[in-house]
Every structure is written in structure tokens, then in C-alpha cells.
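Visitor: sequence and computational prediction follow.
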Amino acid sequence: MEGKSNEVLKCVILGAGPAGYTAAIYAARANLEPVIYTGPEPGGQLTTTTDVENYPGYPEGVQGPQMMEDFRKQAERFGTKVVYEVIEKVDFTGPVHKLWTTSGKEIQAHAVIIATGASAKWLGLPSEERLKNKGVSACAVCDGFFFRGKEMAVVGGGDSACEEALYLSKISPKVHMLVRRDEMRASKIMQQRVFNTPNIEVHWNTVVDEILGDDQVEGVRVLNRQTGEKTVLPVHAVFIAIGHTPNTAPFKGWIDMDEQGYIVTKGKSTHTNVKGVFAAGDCQDKIYRQAVTAAGSGCMAALDAERYLSEEGII
Ligand code: NDP
């Protein structure tokens, strides 16, 4: 490994979403001189969202990317260092924790806050893989524009799927929403918005059988699970919005996780099973998964880290 540094940082934060940046704001103001390693998606999932209407303090709503820009600026204002690199390996034997970036740099830290979030899930079809970025996407806001004026499909029945369908309905003549059961998981208000949008058609009990096309999406063959009937919908883009997987792979074997890979924290705290390692945000929360709850747990993690460093006599 190259780039080994002898400096032991007080507090390293992994991930730059609402949890990571909020942890940084609190850690920086407590003189922990935090360094954030952003990971592959600086800003996190909110950078793939348009309007955020449920974050307190923005009465008119705010664009997700703008909000994360604001979070970053606020963290930097108090001296947070933001490093645009990905941590791929850790050694939590302790008491000093070691982490390595994908470029081979070793980092040492007394306290580590894991706030690596979660990533979009995919259906796992070969045709989906083949056509990724050629009409198959997990981000309507990022890629919908390329297919404006054309019919599109959204897979899923959660709030994300509703949000994607509503967004696309403004740039597409017809959006097909493919819901695998006879009801949606989404909140009632989001469902109602979908039902009130004339150019969104909800296909119940419907799953993707195959996405058609070689170099671009030329349609999607769907299967009605009740009737067994297969139909081809003439769409030019398919947006997959079926949930998320926590980004916790580098910590496997070190940190206790549940069967889905979400980090387990102790009681009403952000402590993990490893002393000096804390977890906040979506990587440890599969229930609430909101920007505001992620931010709240980021704050908790910084406070827990500060107390830990103080008790250990490091600050
Ligand atoms: P969810 O887990 O809530 O929903 C996933 C959806 O995808 C479900 O309808 C699920 O069906 C379906 N699904 C899962 N796997 C497959 C598959 N292989 N094939 C077809 N369909 C599948 O994920 P979301 O990303 O929608 O939401 C995550 C969290 O974020 C939620 O708490 C949500 O409330 C929140 N959120 C809030 C928003 C807002 O407030 N504006 C916007 C976006 C998200 P089934 O129900 O059958 O399992």
C-alpha cells in the first residue's frame, strides 16, 4: 500500500449525504477536525432527486442537489475537509482504525462515522444490464430528459416509483407504472397524485418479463401475474425504482449487520459493535430513510464520537 500517513485523524466520516454532512457540521464545531471521504456519489441519493418538499426549513421546497450543496458549504464553513475518494477496505482491530481508499492511500482515525447510505436495486435481468444507460436507468431526474416526448415505464410501487412517474409525466405523453402487487407500498398522498395524473397508467400485478432492444430500449414485455398474459408496451425508457441496498460491503466481518446488510446500532445511539465506530443515515436505517432522519442520526453520531474521544482522552 502506498501513501501511508502517520497522522491519526480524530474523526473520519464516510459518505457525503445528509447524515455525513450533518455529522461533519457537528464534529467540526466541536473541533474534531473531521475529514469526509465522499464515496462514489458525493451528495448521496438526494442528488438524484428533484423537489424535496418535506425537509423542514424550506417552505417552498428545494432541489435535492442544491440542498446537498448547502449542506457541504455549511460543513466546510466550520473547517470540514471534503475528500472526493472512495474507501474500499478497513481494519477495525483498533484502537486506531485503519481505512484504505481505492487509490491505495491509508488513513488512520480514532473515530469513524459510517454514513455511506444505500444504493438503488436492480431487477437482475440480462436485458436490464445490457440496456443500462441506453434507456434503462434508476434515476428519472438524471436520464428522463433524454427520452422526453416518448412513452416510458417505471417499475415499482413505492414512493420513489411514484415520484419518478410524476416527474416523467411532465415530459412524457404516457408513463406506465408497473406494480407487482394489487396495491402500492407508497404513501397515500403520493398514490393519490399518481391516480390524479391522467397520463400515468398503473399496471397492477405486473412485472417486467424482458426489456426489448439491443442498443436502445424499443419496448418492454410485461407479464400480468394474475392472468399470465404478456404484453409489449411501446416505451423508450425504463426506470427501475424498487428500493435500495445499504452500502456497507467494506465493513462486512467487522461491523454487526442484519441479514440485508444494514448496520446494527446499539439502542438509541449510533454506536456499532466496534468501539469508536459509529453509523448514521440510510446505511443503518431501513425504516425511516428520510433526509431529515438521516441528518438527525448524523448529528447523533458526531455527539457520540465526541463523547467517545473525550472519554478515551483523545480530545
Ligand atoms: P420501497 O422499498 O418503499 O418500495 C419498493 C417498491 O418496489 C415496492 O412497491 C416493491 O414492491 C417494489 N419492488 C421491489 N422489488 C421488486 C421487483 N424485483 N420487481 C418489481 N417490484 C419490486 O422503496 P422506495 O425506494 O420507493 O422508498 C424507500 C423509502 O424512501 C420509503 O420509506 C419511502 O417512503 C421513502 N421515499 C420518500 C419520498 C417522499 O417522501 N417524497 C420519495 C422517495 C422515497 P412490494 O411492495 O411488493 O414489495
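Guide: Received it, and whenever you're ready, just let me know what you need.

Visitor: show me what contacts Cys142?
Guide: Thr48 (Cβ atoms under 8 Å, 6 or more residues apart in numbering). C-beta coordinates here come from the backbone N, C-alpha and C atoms, glycine included.

Visitor: sticking with it, tell me its helix or strand.
Guide: helix 140-143 (DSSP states H and E).

Visitor: touching stretch 178-193 from outside, list them.
Guide: 153-159, 161-163, 166, 194, 202-208, 220, 222, 225.

Visitor: who in the stretch 101-250 of the chain is up against the ligand?
Guide: Contacts of the stretch 101-250 of the chain with the ligand, taken as Cβ under 6 Å from any ligand atom, map to 123, 155-161, 163, 180-181, 185, 187, 207, 241-244.

Visitor: so which of those residues sit within strands?
Guide: 155, 207, 244 (DSSP state E).

Visitor: SS state for Trp254?
Guide: Classification of Trp254 using DSSP: H, G, I helix; E, B strand; the rest coil returns coil.

Visitor: distance of it relative to Ile287?
Guide: To Ile287, Trp254 is 23 Å away according to Cβ to Cβ, to the nearest Å.

Visitor: look at the two and report which has more neighbours.
Guide: Trp254 (18 against 7; other Cβ atoms under 10 Å).

Visitor: for the more buried one, what are its contacts?
Guide: 90-92, 274, 277.

Visitor: can you tell me the closest non-neighbouring residue to the residue of the stretch 101-250 of the chain at minimum distance from the ligand?
Guide: Nearest residue of the stretch 101-250 of the chain to the ligand (Cβ to the nearest ligand atom) works out as Gly158 at 2.3 Å. Among residues not flanking Gly158 along the chain, Arg185 sits closest, at 4.7 Å (Cβ to Cβ, 6 or more residues apart in numbering).

Visitor: same thing with Gly135?
Guide: Val217 (3.1 Å).

Visitor: poorly predicted segments of the stretch 1-150 of the chain, please.
Guide: For the stretch 1-150 of the chain, residues meeting the criterion pLDDT under 70 lie at 1-5, 49-50.

Visitor: how far off centre is stretch 88-107?
Guide: Computed by Cα atoms, centre = their mean, to the nearest Å, the chain-centroid distance of stretch 88-107 equals 23 Å.

Visitor: actually stretch 112-129, not the one I wrote
Guide: 8 Å.

Visitor: now do the same end-to-end measure for it.
Guide: 35 Å (Cα to Cα, to the nearest Å).

Visitor: so the residue of the chain most remote from its centre: helix, strand or coil?
Guide: Most distant from the centre of the chain: Thr227, at 35.2 Å, with distances by Cα atoms, centre = their mean. Following three-state DSSP, we place Thr227 in the coil state.

Visitor: hmm, back to that, quick one, which of the contacts of Trp254 are buried?
Guide: 90, 92, 274, 277 (16 or more other Cβ atoms under 10 Å).

Visitor: contacting residues around the first one?
Guide: Meaning Val90. Val90 touches 97-100, 112, 250-251, 254, counting by Cβ under 8 Å, 6+ apart.

Visitor: just the buried subset of the residues you listed, please.
Guide: 97-100, 112, 250-251, 254.

Visitor: now those in a markdown table, with secondary structure?
Guide: Output for these, formatted as a markdown table (three-state DSSP):
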| residue | secondary structure |
| --- | --- |
| His97 | strand |
| Lys98 | strand |
| Leu99 | strand |
| Trp100 | strand |
| Val112 | strand |
| Pro250 | helix |
| Phe251 | helix |
| Trp254 | coil |
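
Visitor: between those, which is nearest Thr48?
Guide: The shortest approach to Thr48 among these belongs to Pro250, at 22.0 Å (Cβ to Cβ).

Visitor: would you agree the closest one is in contact with Lys89?
Guide: Yes: using Cβ atoms under 8 Å, Pro250 is in contact with Lys89, at 5.8 Å.

Visitor: so what's in contact with those two at the same time?
Guide: In contact with both Pro250 and Lys89: no residue, using Cβ under 8 Å, 6+ apart.

Visitor: count the neighbours of Gly219 for me.
Guide: Gly219 is flanked by 18 other residues according to other Cβ under 10 Å.

Visitor: setting aside sequence neighbours, what's the nearest residue to it?
Guide: Gly219 sits nearest to Leu212 (Cβ to Cβ, 6+ apart), 4.3 Å away.

Visitor: what is the burial count for the residue nearest to Gly135?
Guide: Residue neighbour count, defined by other Cβ under 10 Å, stands at 23 for Val217.

Visitor: related to what we said a few turns ago, so which of the buried ones among the contacts of Trp254 reach the ligand?
Guide: Of the buried ones among the contacts of Trp254, not one also sits near the ligand (Cβ under 6 Å from any ligand atom).

Visitor: so which of those are in strands?
Guide: 90, 277.

Visitor: now distance to Val235 too, for the buried ones among the contacts of Trp254, in JSON lines please.
Guide: What follows is those, written out as JSON lines (distance: Cβ to Cβ, whole Å):
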{"residue": "Val90", "distance to Val235": "42"}
{"residue": "Phe92", "distance to Val235": "46"}
{"residue": "Val274", "distance to Val235": "47"}
{"residue": "Val277", "distance to Val235": "45"}
